[in-house]
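Trainee: Build the 3D model from these lines:
(chains A, B and C)
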Amino acid sequence: MKRLLVALLVALSVVYFAKVVTITAWTVGPDNPSVNRFENLKTAAERLNKILEAAGSDIRVKVEGYFDSTDWSSYKSKVVFGLKSKQDVDIICSGHDDLGSWAKAGYLLPLDDLVKKYWDLGLYDIIPSLWEACKFKGGIYAIPQDTEARPFYINKKVLKALGWTDAEIEALPEKVAKGEFTLFDFVEVAKAAKEKGLVEWGLYHRPKMGIDYFQLFTSLGADFYDEEKGVYVYDVAKMEEVFKFFYDLTNTWEITPRNIIGTPWSSIHKDVTSGKVLAWLGGTWNWAEWKRDYGKTEQELEDMFVLTPVPKATADGKPNTLSHPVVYMIPAHSKNPELAFMLLVLASAPDLNMRHAVQSGHLPIRWQQTVFPEYKKEFIMVEGTKLLPFSSFVPNDDRFNDFNRVIFEGLQMVESGANPSAVARDVARRLKVTLKDRIEIIEK
Amino acid sequence: MEGVKKYQLTFFQRNSQKIAQVIIVLILILVTSPIILGYAWLILRSFSEDIVQGFIPTKLTLKNWRFLWQNIEGYPSIWKITMNTFLLALGVMVIEILITSMGGYALSRYEFPGRSSILRLILVLHAFPAISLMVAIFYVLWNLGLLNKLWGIILVKASLEIPWGTWVMKGFYDGIPWELEWAGLVDGYSRLQVWRKVILPIAKPGIAVTGIFAFLSGWSEFVFVNTFIFEQQTWTLSKYVKGIIGDFRFVDYGLLTAVGLFYVIPTIVFFFFVSKYMIKLTIGGVKG
Amino acid sequence: MKKFRIPKSWFFLSPMFVLVTLFFAVPVVITVVMSFTDMDYSFEWNFIGFMNFQDMASDFLIPKVLLNTLVYTFATLSLFNVGMALLLSLLTTSISDRLGDFFRSLWMLPRLTPSVVYGLLWLWIFDPTKYGLVNNIRAWFNLPPQDWLHQTPMLMVILANGFIGASMGMLIFTAAIKAIPIDYYRAALIDGASWFTITRKITLPLIKWQILFVTAYQTLSLLTSFEYILIITDGGPIFRTEVWALYTYHTAFESFRYGYGATLSVILVLVGIAAAFVYLKLFGFEALMSKPRIEVD
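Mentor: As a prediction, this is how the structure comes out:
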């Protein structure tokens, strides 16, 4: 009797639930090759459906939504409007730095319980530092989708010409990682290389606004965010040191061109790949660009560069790299949050994530991916992944763009020769005006 | 012009008119060259494998047009999207014609309190930066339940075209002699009947011009579609093209130009259809 | 005539009224209210008085943005929307009608082309590699390719907008020039006047009013339009082409400061309204609003 009842219940529930559950996902590139951020979810649904079929369930999962390749800002606008008006959506993909603002506005579902519940389904394998980028005020609001690193590319050939042995060069990443080779050591090498006419310049950094130069802040021991209070921190004395460093780069040591900010990307890459520069503070994705657009072969590049973390400069600084992971989030109003989470877990399968990483030039999010043959044959992936333990992230804070904009203006000023301490104070004033109570200015 | 012929002296003076004409045409070709070259490239590039010296196709191909018969990864079928775009453009056009042919008539023919204020207001509306009002428009659409619907975009776009369209229509009505209307009224038509049966047929060129501008503004609409449409099934061509263009760098120019050209075709067709009216466009009632 | 009393003016105006209320009046009211809040991505109506207006005074980007707006508006207006438009209408009316129509049609194309595709054309013309049109031409003279987007961004933005903006003036001026009685020209030709003299002494004075109108109307258009800048340079590099309308857009949709963005919009609307009223007065728009010639109800 009891058995019959159970069977009946099961049958009933099958009839009752015999339906297609639609999971809507909004994903973004904006680069076209990142289309697997969406496609992987569809594949995950296929896999889930196989399991459901095997279990005799009539439920089927269908993924709808879109992959947006327009641009970041319009995508984010649309997401915010969509979240506010509670459109049908279960999965949202974006940069980790959006999670702070969206979680704060109450748009996102806290995932701590789900992460705990499904930890053994593969989440344990995700590179631990990436979880840090998924947190807001201690809670997990996202799961990692991909990442990259921003290595310090040093031209080996120049080092050799300076008399470095192969062994010394090979040991360099290790020495940088341990903090034995500092940024100031590098400056000396750069000055020597330039004096001897081996290179035209010692160090290039990105010519446009971005996040790369915050790595040098970390090297110099300058903190700019208080995670606990959720406010930016600006220590005038410390920042004067930072600005002084950038001032010295272009004015005192003259190892970086004064007008580097505003130089076209193409000239930058041409100089770096043709060996006119000793070191390049770039990203792992540059590797693919150099091969595709600057006529370099894999072998040429491997012979040319040694990759290290960004060296520490001062005692309170540390060797580091900056990552900007893209993450998946689940809206608080999702009707099927657990199913959506399940899909995310399945979409993070090593093979699927690897497909994305290879196609779009990103780094893996899981250790298991590092045994794949397609991983092993990609030099940049192997070397890039080694940097991940040194990863830091920009804060998950809504006002980061505003903060960054003011800092960037300051960097531009000192590099073109403005007095660092005046700039440090000027930037402090501008930050206070822009961010008000969201910034703490520490006066000297 | 016959007057000049009396003064035939040197070669230059004899042919001064012709020489002047040639020079004028040359200047026109020069200043128009970016347009000519731009569109020439758009057409040539879309049918070639690669292009050298700017314009010379290395090999003709239809490969760039593959999006017409196969879906591009991550994008829905182009035909569904074209249909959406067409509906959007048509919707904007119909509503715009309705509004401006009625409104323009009232403003041209009726005297009523507040008439000149309305005319002023319409001119001032032109000073409103529509896209900067987007958050407010979000609230309006949300409350009307028109988010994520083509209808919402149609209404917003039609509204934005009101200032321009109303003035154009009023201008055309102003140019219609009132005797015609009077004759209609004498024949026993009501005012509404006069408008429908007598005036509207004469105002066709105005309707054509307003209609095409409205159609094209709907056809090209990007920002509102991109922000207030949340489903891929409701995307329009602008979104599709912008998506493929991406950040414009390191892209497949062949595919881009083909998609771009596909997007422009209706524009050009429409344009030849009504350009004879458009060239006659005046801002109604202008002194001169 | 007495059997129908319903079709009054308001019947004809009502559809327009509904849409103008919904999509102009209401949004403007909402925006004005928003400008007194610090609304952000969480859409909270948190009123902060005149704080946003005070912030504007200390916003260090504003002087730059103002300057850009002035340069952009003035240059585009004078070089293209009025200058090029005049040149085109004068030249195309000096040749045969068929050729003239042909060139005028060509100049209508940019206005009719969807912005996304039009932007693509300019990006190709100024492509930083050797594949772009300008760099291709440079290559014939053995000059290296230049990154125009970075070196002369403002020029690019002005050109792209100018080629669109010229068409409206062109049409209006052409219509006006064609309306000038042919006898004026005959008389001048008999007197032996050159093309330049005729243009300067006869044509230009007679279309003065149209020139003023286009100048005024297009000033407003340029002040509020930014779509092509958004597509081509996005205000960059480093704010070199950031104009007021675009800054408003960026503030709202890139920094998600809807409240502050609304404040910037309100300023733009106020400037626009002020300008509109000034030109309504200056150019005697009353003539446009002449009383209707028929009045039966």
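
Trainee: Which positions in the helix or strand bottoming out on mean pLDDT in chain C come out as buried?
Mentor: In chain C, no helix or strand scores lower on mean pLDDT, DSSP states H and E than helix C:148-151, which sits at a mean of 76. Neighbour counts using 16 or more other CB atoms under 10 Å in any protein chain shown place C:Trp148, C:Leu149, C:His150 of helix C:148-151 among the buried residues. C-beta: built from backbone N, CA, C; applies to glycine.

Trainee: can those go into a markdown table with extra columns for distance to A:Ala167?
Mentor: Converted to a markdown table, those look like this (distance: CB to CB, whole Å):
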| residue | distance to A:Ala167 |
| --- | --- |
| C:Trp148 | 47 |
| C:Leu149 | 45 |
| C:His150 | 42 |
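
Trainee: Sort out which one of the residues you listed lies nearest chain B for me.
Mentor: C:Leu149 (9.4 Å; CB to the nearest CB).

Trainee: which stretches of the stretch 151-297 of chain C have low pLDDT?
Mentor: C:283-297 (pLDDT under 70).

Trainee: Wait, A:Leu339 touches A:Ala25, no?
Mentor: No. Assessed by CB atoms under 8 Å, A:Leu339 is found out of contact with A:Ala25, at 11.8 Å.

Trainee: Show me which of the buried residues of helix C:148-151 is closest to chain A.
Mentor: Using CB to the nearest CB, the buried residues of helix C:148-151 come closest to chain A at C:His150, 4.8 Å.

Trainee: Now for residue 206, which secondary structure element holds it?
Mentor: Because you didn't say which chain, this covers chain A. A:Arg206 is part of no helix or strand, with elements assigned from DSSP states H and E.

Trainee: not what I meant, chain B
Mentor: helix B:204-220.

Trainee: residues of that helix that come out buried?
Mentor: B:205-220.

Trainee: that older thread, so which of A:Leu339 and A:Ala25 has more stuff around it?
Mentor: Taking other CB atoms under 10 Å in any protein chain shown, A:Leu339 and A:Ala25 do not tie; A:Ala25 has more neighbours (25 against 17).

Trainee: ok so, going back, which strands and helices sit next to the least confident helix or strand of chain C?
Mentor: Under the contact definition 3 or more CB pairs under 8 Å, 6 or more residues apart in numbering or on different chains; DSSP states H and E, helix C:148-151 sits against helix C:153-178.

Trainee: now check the helix it packs on, is it near chain A?
Mentor: No. Using CB under 8 Å from any CB of the partner chain, helix C:153-178 stays clear of chain A, with a minimum separation of 10.3 Å.

Trainee: is that helix anywhere near chain B?
Mentor: Yes. Using CB under 8 Å from any CB, helix C:153-178 comes into contact with chain B via C:Leu159, C:Phe163, C:Leu171, C:Ile172, C:Thr174, C:Ala175, C:Ala176.

Trainee: How many residues are close by the residue of the stretch 101-250 of chain B found nearest chain A?
Mentor: Per CB to the nearest CB, B:Gln232 is where the stretch 101-250 of chain B lies closest to chain A, at 3.9 Å. Neighbours of B:Gln232 under the rule other CB under 10 Å: 21.

Trainee: roughly how far apart are it and B:Gln70?
Mentor: Distance from B:Gln232 to B:Gln70, counting by CB to CB, to the nearest Å: 17 Å.

Trainee: picking that back up, please give the centre-to-centre distance between the helix holding B:Gly206 and its chain.
Mentor: 6 Å (CA atoms, centre = their mean, to the nearest Å).

Trainee: In the stretch 1-150 of chain B, which residue sits closest to chain A?
Mentor: Closest point on the stretch 1-150 of chain B to chain A, by CB to the nearest CB, is B:Gly74, at 4.2 Å.

Trainee: re the thing from before, now the helix or strand following the helix holding B:Gly206: mean pLDDT?
Mentor: Next helix or strand after helix B:204-220 toward the C-terminus (DSSP H and E): helix B:223-228. On average, the pLDDT along helix B:223-228 is 90.

Trainee: Alpha carbons only: can I get the host helix or strand of A:Asn404 in PDB?
Mentor: Assessed by DSSP H and E, A:Asn404 sits inside helix A:400-415. Output in PDB follows, covering the C-alpha atoms of helix A:400-415 (Å, rounded to 0.1, in the frame of the first residue of the first chain):
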ATOM      1  CA  PHE A 400      35.600  52.600  -8.500                       C
ATOM      2  CA  ASN A 401      35.300  54.300 -11.900                       C
ATOM      3  CA  ASP A 402      35.100  57.800 -10.300                       C
ATOM      4  CA  PHE A 403      38.000  57.000  -8.000                       C
ATOM      5  CA  ASN A 404      40.100  55.700 -10.800                       C
ATOM      6  CA  ARG A 405      39.400  58.600 -13.100                       C
ATOM      7  CA  VAL A 406      40.700  61.200 -10.600                       C
ATOM      8  CA  ILE A 407      43.800  59.100  -9.900                       C
ATOM      9  CA  PHE A 408      44.500  58.700 -13.600                       C
ATOM     10  CA  GLU A 409      44.400  62.400 -14.200                       C
ATOM     11  CA  GLY A 410      46.900  62.700 -11.400                       C
ATOM     12  CA  LEU A 411      49.200  60.200 -12.900                       C
ATOM     13  CA  GLN A 412      49.000  62.000 -16.200                       C
ATOM     14  CA  MET A 413      50.000  65.200 -14.500                       C
ATOM     15  CA  VAL A 414      53.100  63.900 -12.700                       C
ATOM     16  CA  GLU A 415      54.300  61.900 -15.700                       C
END
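
Trainee: Name the next helix or strand downstream of it, please.
Mentor: By DSSP H and E, the next helix or strand past helix A:400-415 is helix A:420-435.
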